[in-house]
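Undergrad: Sequence plus predicted model, see below.
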Amino acid sequence: MANDKTNDLIQGTLKKNSSNLEHLEKTLLAAKEFKIIATSLVQSLSTLANIDFASAERNVIFRQVFKKQKEQVLNNDWNFCLHGAECRFTNSHSGEEIEVIIINGEECGALDPYFFYTFCKTSPKFKEVAEFYNENLKKIQTDLSSLYKQGYLKKVDATKIELTRNLTT
């Protein structure tokens, strides 16, 4: 019963602050999935490079171990390409893409609007979210900022936002 009250309070807050409650819930779900997949992939890459996932120098070490800046195989399902402070992972079966900012220590869920949109557009599970945004990166940033202001996301650095809690918690 308390959980239902919590849901009602959260939904009431979202309704007050946005007319797109259902859409914000789907965006938040996509953000959560982004973080789970991103963290798992960077952990796998760390294991492949034989380095500590929490290493502050992870990006530098990745560059030393994976010298080529072209797509390489991570495992049977995913390929990767290091570039700048990011790494693009591509699912070799579904074509799903996830760009991960890899310079934030253990935090892999930082949401760049373009990277988040690309993830949603290429993920079979979140195509509806991508269709809603229709490449409008400003709208994505506005919605992510709204979810941040309501306590559902947290700031990772000055420009990136990541998941803190579910709508139902």
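TA: Ah, there it is.
Undergrad: quick check: longest helix of the chain.
TA: The longest helix of the chain (DSSP state H) is helix 21-49.
Undergrad: State the mean pLDDT of that one.
TA: Across helix 21-49, the average pLDDT comes to 92.
Undergrad: buried sites along stretch 49-60?
TA: Neighbour-count burial for stretch 49-60 flags A49, I51, F53, R58, N59 (criterion: 16 or more other C-beta atoms under 10 Å). Where you see a C-beta, it was placed from the backbone N, CA and C, and this is true even at glycine.
Undergrad: Arrange these in TSV, one row each, with distance to L24 as further columns.
TA: Putting the buried residues of stretch 49-60 into TSV (distance: C-beta to C-beta, whole Å) gives the following:
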residue	distance to L24
A49	37
I51	37
F53	31
R58	32
N59	32
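Undergrad: could you dump these to CSV with secondary structure and distance to E22?
TA: Output for the buried residues of stretch 49-60, formatted as CSV (DSSP: H, G, I helix; E, B strand; the rest coil; distance: C-beta to C-beta, whole Å):
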residue, secondary structure, distance to E22
A49, helix, 41
I51, coil, 41
F53, coil, 35
R58, helix, 37
N59, helix, 37
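Undergrad: Which one of those is nearest to I140?
TA: N59 (24.8 Å; C-beta to C-beta).
Undergrad: So for stretch 141-161, mean pLDDT?
TA: Stretch 141-161 comes out at a mean pLDDT of 80.
Undergrad: can you offset everything so residue one is 29?
TA: Yes, from this point I'll number from 29; that puts the last item at stretch 169-189.
Undergrad: Could you tell me which residues within it count as buried?
TA: For stretch 169-189, using 16+ other C-beta under 10 Å, the buried residues are Q169, D171, L172, S174, L175, Y176, Q178, Y180, L181, V184, K188, I189.
Undergrad: With stretch 121-141 instead?
TA: 124-132, 135-141.
Undergrad: what's the residue closest to the geometric middle of this structure?
TA: By C-alpha atoms, centre = their mean, the chain has its centre lying nearest to F62, at 3.4 Å.
Undergrad: who's in contact with the nearest residue to it once chain neighbours are set aside?
TA: With sequence-adjacent residues excluded and distances taken as C-beta to C-beta, 6 or more residues apart in numbering, F62 is closest to F147, at 5.4 Å. When the contact criterion is C-beta atoms under 8 Å, 6 or more residues apart in numbering, the partners of F147 are A58, F62, E124, E125, I126, E127, F154.
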